[in-house]
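Visitor: this one's sequence-less:
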């Protein structure tokens, strides 16, 4: 690379700050320029824990990874070819990080994006840069661009704009301004009125930019590929007089079209601060009018107003063309930028099948919903746990008696002592030092045909019997002769007709008093009459009662036959038992942990060694 | 924004606390009092007994000079005279260099009899801090500018070993003290991020004490985060006031406050509330060019505001910003047979989301449509940047929807062209 060049199509940069959008835009630019290698070599994110991480970006249609380092030192060591640092650090830390970059061996150009860096710090950075023969672009800038080669951060905005402003291939114009926003406007104006930008730099609006307008114009003057110069100056400071001097001394020979903005200052209140920190006239010399006049006097092409600037660029360019000084541009069709999937979806250009269908809830909106009803309303209406189960399991707003029934089942099944298999397993696992989830899981895993399973089995057989029109005695015979098993839901180890299970009494009472109809319970009670006549402990037990009454709940709640079948087949009844009993099992687990219980070992005398 | 003037009171306080660190011989009395229209002078005199015992000087402290010529200077007075002076001057309107404003601050100090007035100031350029010194200070220093010695000192040079002696005019027996003073002052200037400091004049008393009499200074307010121990301490941070007669309007204060809450930039200055041309401009550079064009075409007197929004403000902030401006512009009806103009313009943005910012403006239109129609506002839009098509379409659509006169131009119309387009029919 020549001394007068800052970037070429091989330039690689280190980005200070995890600016994912700016990084992607830089690499998108690389793609439409048909660069061989992406321009971002590495990223620095001082806040990360790891010394190096990786960031994925698109380079055209494919993805690449870019290393993300914790320190500049690591980045420069691993990427000695990167000679540009784009510094997105905030105004508080930009000084230290820019200084470190300037003092490194490998970084040659530092673009400082932050606005609001103290003037003294900017002056120090500028001096270090001059002493070490390095370049600062900024502070308070968007950066700059070499058409078809390299762009800094967010310069030139979107890819659409890059293409419209023909920045994907070099033209013949070297442009420099203070304003970053205006540089983008000017890139387009120049593309409209000439063969386009070769290089465009925004030096930043501060009082002490690292390099000034003249520094870049002198570089452009030396670059044989740049045929004409365009510059946008600004009220305040005296930098433009250096351009006057350079023209006078013959250091700038190429045609230069220039306009100094801020001509309105004379009609505005004195001392009004324009948009940029440096834009305030301290003396008559610093006014836009004085600068425009001085520039015109030495032969710069100065329009009457900004509005005329485009025409002046066109005139100047056409004249050079007539003189045969403009090389034809190597024009090509820039590759089309692949659209981001999210954007394509937004514009309705693509579709994709989904993998999962969810019909019970939605967490995407402002308020999460359960079965299409907002959680806020559910809470406001003070709905019960049974209601929630109805919404999420059966997709129904269950009537109040049904919700209350479900809640009652959860309460009744919550706990049944430490000796049953679920509680026992949970206790043993907790005592083995395992966590809550593992302990609970071992307990839940015992729930099945022998433990807790009578609920769904009871429901299954009683439903079959009643729905196929069996009389109670036909049902009893069927179970004995065909199924060859005891009737699930009938019989209790201790309880009997004389000593009824209080839980069953409560359930029956609730259902009879609250359910509009209860045909399955009625049927079961007929069956119980026959079985208890044989032996007094063959009563309808709590498991059977829960399952059978749940059938009545489904009857009342207006489900179709298919829906009822689905609910039963999908183990909703086991679900109720799991839900309820988990409360008790967790109680046991917490209980054991609280006691700091030690590992359980079954005593030898409880085991028969054969 | 970087360089901002501060009150003389704050400048002197800062010098009083910092200068002795480098120039221990600085025995400045530090007796300073500020009177505002609310001050109870008797009560203040109990806290600051020197007000009763010393001979006093009082002068306005509102960032303007030539106070003697404006007859706003009280010299060699006692407390009674001070009270009379305050009663006469405070809360009164004055015109200073063509600016009308209300006098609301007086700085009171002990009166120091002196013979010679010295001049010193420090300014900066890219490479140096420059000390300007003269043996003939006072109100005539500008007329005697050729007698001022200018000494540039590279900003990173070692001040203590810098040779001032050979560069300064002969100052006789006070020479050593003056050089220590200058060096100390330069240290403080650099340490505290001053961008301008002028003491004109300062005096040397018979007791060989240096006393700053009038002091003007500016601080680099972007350096605030470096000075939490001095001028940006949380208890009593230094103020950055507007100039005399430039008290912030309610809306300017409001937008300043919005600006301080967002990482983006929102600036607003009311120039002429009766102006018919109002602007909602994007970008520090484009806003200047646009304002230039309005003035160049001869409509400067109609220009109501200067301002800009940039740095990708959110939809919400853009809405609040636009609403404040539209409220102001529709407060009064347009003069008979005249229209008002609202220019919503900017260059081709690098990263500001045109659609998002325009969504903010559009919702203001929706809210204020009746006001806009009543004030006969014509709206002209020119903009480019990310989501420009969608943004410009929004503007076209809202015009039709609300039946508002909105003309929309895209990047192919030069930035400032909408001014002549709009103003063609105006007379």
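Guide: Happy to help now that I have it. Nothing here was measured: the structure is a model prediction, and the numbers come from that model. Numbering: from 1, shown residues only, chains lettered A, B, ... in the order given.
Visitor: could you point out where the chain is predicted with low confidence?
Guide: Just going to use chain A. Residue ranges of chain A with pLDDT under 70: A:269-282.
Visitor: wrong chain, I was asking about chain B
Guide: Scanning chain B for pLDDT under 70 picks out B:1, B:427.
Visitor: So residue B:32 versus chain A, what's the distance?
Guide: Counting by CB to the nearest CB, to the nearest Å, the gap from residue B:32 to chain A is 26 Å. (Each C-beta comes from the backbone N, C-alpha and C, glycine too.)
Visitor: Pull out the buried residues from stretch B:23-43.
Guide: B:23, B:26, B:28, B:32, B:33, B:35, B:39, B:41 (16 or more other CB atoms under 10 Å in any protein chain shown).
Visitor: biggest strand in chain B by residues?
Guide: The longest strand of chain B (DSSP state E) is strand B:194-204.
Visitor: Does it reach chain A?
Guide: Yes. Using CB under 8 Å from any CB of the partner chain, strand B:194-204 reaches chain A at residue B:195.
Visitor: Determine how far that strand lies from the middle of the whole chain.
Guide: On the basis of CA atoms, centre = their mean, to the nearest Å, strand B:194-204 sits 19 Å off its chain's mean C-alpha point.
Visitor: Take the buried residues of stretch B:23-43 and lay them out in TSV including distance to residue A:127 and secondary structure.
Guide: Converted to TSV, the buried residues of stretch B:23-43 look like this (distance: CB to CB, whole Å; DSSP: H, G, I helix; E, B strand; the rest coil):
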residue	distance to residue A:127	secondary structure
B:23	27	coil
B:26	30	coil
B:28	33	coil
B:32	37	coil
B:33	42	strand
B:35	45	strand
B:39	47	coil
B:41	50	helix
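Visitor: For the closest residue to chain B within the stretch 51-200 of chain A, list the residues it contacts.
Guide: Proximity of the stretch 51-200 of chain A to chain B (CB to the nearest CB) peaks at residue A:179, 2.5 Å away. With contact taken as CB atoms under 8 Å, 6 or more residues apart in numbering or on different chains, residue A:179 is in contact with A:202, A:205, A:232, A:234, A:275, A:276, B:283, B:284, B:285, B:286.
Visitor: for the residues you listed, which one is nearest residue A:394?
Guide: Among the contacts of residue A:179, residue B:283 lies closest to residue A:394 (CB to CB), at 59.1 Å.
Visitor: Report the contact partners of the residue nearest to that closest one when sequence neighbours are not counted.
Guide: When the adjacent residues along the chain are set aside, residue B:283 lies closest to residue A:181, with 3.3 Å between them (CB to CB, 6 or more residues apart in numbering or on different chains). Contact analysis of residue A:181 by CB under 8 Å, 6+ apart lists A:142, B:282, B:283, B:284, B:285, B:286, B:310, B:346, B:347, B:349, B:350.
Visitor: Buried among the residues you listed? Need that as a selection in ChimeraX.
Guide: To isolate the buried ones among the contacts of residue A:181 in ChimeraX, judged by 16+ other CB under 10 Å, type:
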select /A:142 /B:282,283,284,285,286,310,346,347,349,350
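Visitor: Just the ones in strands from the contacts of residue A:181, please.
Guide: Using DSSP E, the subset of the contacts of residue A:181 located in strands is B:282, B:310, B:346, B:347.
Visitor: Hmm, residue B:262 and the second one touching each other?
Guide: Spelled out, it's residue B:310. No. With contact defined as CB atoms under 8 Å, residue B:310 does not reach residue B:262; the gap is 11.0 Å.
Visitor: Against which helices or strands is the longest strand of chain B packed?
Guide: For strand B:194-204, the packing partners by 3 or more CB pairs under 8 Å, 6 or more residues apart in numbering or on different chains; DSSP states H and E come out as strand B:118-124, helix B:175-191, strand B:210-212, strand B:215-220.
Visitor: Please work out the angle formed by the directions of it and strand B:118-124.
Guide: In terms of direction (axes from the mean of the first three to the mean of the last three CA atoms, to 10 degrees), strand B:194-204 departs from strand B:118-124 by 170 degrees.
Visitor: and strand B:194-204 with strand B:215-220, angle?
Guide: Using the same axes, to 10 degrees: strand B:194-204 against strand B:215-220 is 160 degrees.
Visitor: With distance to chain A as extra columns, can I get the ones in strands among the contacts of residue A:181 in TSV?
Guide: Shown next, in TSV, are the ones in strands among the contacts of residue A:181 (distance: CB to the nearest CB, whole Å):
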residue	distance to chain A
B:282	7
B:310	6
B:346	7
B:347	3
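Visitor: Please identify which pair of these lies farthest apart.
Guide: B:310 and B:347 (9.9 Å).
Visitor: residues shared between the contacts of those two?
Guide: Common contact partners of residue B:310 and residue B:347 (CB under 8 Å, 6+ apart): A:181, B:282, B:283.
Visitor: Beyond the helix or strand harbouring residue A:429, next helix or strand please.
Guide: Secondary structure from DSSP states H and E places residue A:429 in helix A:421-431. Next helix or strand after helix A:421-431 toward the C-terminus (DSSP H and E): helix A:436-444.
Visitor: can you pull the buried residues of that following helix?
Guide: Applying a neighbour-count criterion of 16+ other CB under 10 Å, one finds A:439, A:440, A:442, A:443, A:444 buried in helix A:436-444.
Visitor: Get me the contact residues on the stretch 151-300 of chain B for chain A.
Guide: Residues of the stretch 151-300 of chain B lying close to chain A (CB under 8 Å from any CB) are B:155-156, B:190, B:193, B:195, B:220, B:222-223, B:225-226, B:243, B:246, B:265, B:267, B:269, B:271, B:282-289, B:291-296, B:300.
Visitor: mind checking which helix or strand residue B:394 is in?
Guide: Assigned by DSSP H and E, residue B:394 falls in helix B:388-402.
Visitor: err, residue B:241, not the other one
Guide: Going by DSSP H and E, residue B:241 is not in any helix or strand.
Visitor: By residue count, what's the longest helix in chain A?
Guide: Of all segments of type helix in chain A, defined using DSSP state H, the longest is helix A:572-594.
Visitor: List the contacts of that one.
Guide: Outside helix A:572-594, the residues that touch it by CB under 8 Å, 6+ apart are A:389, A:393-394, A:406, A:409-416, A:418, A:422-423, A:426-427, A:429-431, A:436, A:439-440, A:443-444, A:447, A:452-453, A:455-456, A:459, A:546-547, A:550.
Visitor: now stretch A:458-477
Guide: Contacts of stretch A:458-477 with the rest of the structure, by CB under 8 Å, 6+ apart, involve A:478-479, A:483, A:487-490, A:519-520, A:523-524, A:526-527, A:529-531, A:543-548, A:550-551, A:568, A:573.
Visitor: got the buried residues for the longest strand of chain B?
Guide: Neighbour-count burial for strand B:194-204, counted by 16+ other CB under 10 Å, picks out B:194, B:195, B:196, B:197, B:198, B:199, B:200, B:201, B:202, B:203, B:204.
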